[in-house]
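Student: Predicted structure and sequence below. I'll ask about it afterward.
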Amino acid sequence: MGGMTNELVHPGWCARNYRCTVSRLDGRHRSAAVCFPAADGRPTTVVSLSQRPTERTPVVEVRLRIRLSSRDESRQAEQIRQLLDRLNAAVREMTG
Ligand SMILES: [Zn+2]
């Protein structure tokens, strides 16, 4: 289990299809994209994992699609700033 071997071992989450480029130089394992539906049923959050063989843990990529509620452009900018502040706080909490 784990460690560097000549045999190609994929993590359980690796899609193992065209997404996985680990057999190439500087390639990485990649998961399939997973969509999490919002309360209204539309997909708003897409999550995927990637990891180079030399790295100990994977990186999670989270892509958010959020409909802004304001029609005012300066208010939209403020909503985005507040969203990013909260996301940064959540990331700091997880990784700090
Ligand atoms: Zn893989």
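Tutor: Cool, got the structure. Please read all numbers here as calculations on a predicted model, not as lab measurements.

Student: Can you tell me how far Leu68 is from Ala89?
Tutor: 20 Å (CB to CB, to the nearest Å). For the C-beta atoms, the positions are set from N, CA and C on the backbone; glycine is no exception.

Student: Please report the distance of the residue lying farthest from the centre of the chain from Leu83.
Tutor: Residue farthest from the centre of the chain, counting by CA atoms, centre = their mean, is Asp72 at 30.0 Å. Using CB to CB, we find Asp72 at a distance of 16 Å from Leu83.

Student: Determine the three-state secondary structure at the most centrally placed residue in the chain.
Tutor: The geometric centre of the chain, computed from its C-alpha atoms, lies nearest to Glu61 (CA atoms, centre = their mean), at 1.3 Å. Here Glu61 is recorded as strand under DSSP: H, G, I helix; E, B strand; the rest coil.

Student: how about the strands in this structure?
Tutor: Applying DSSP state E to the chain gives strands spanning 29-30, 34-37, 43-51, 59-64.

Student: From the opening residue of stretch 24-34 to its closing one, how far?
Tutor: 24 Å (CA to CA, to the nearest Å).

Student: Give me the contacts around that stretch.
Tutor: 10-11, 13-15, 19-22, 46-53, 58 (CB atoms under 8 Å, 6 or more residues apart in numbering).

Student: circling back to that earlier point, of all the strands of the chain, which one is nearest Glu78?
Tutor: Counting by CB to CB, Glu78 lies closest to strand 59-64 out of these; the figure is 17.3 Å.
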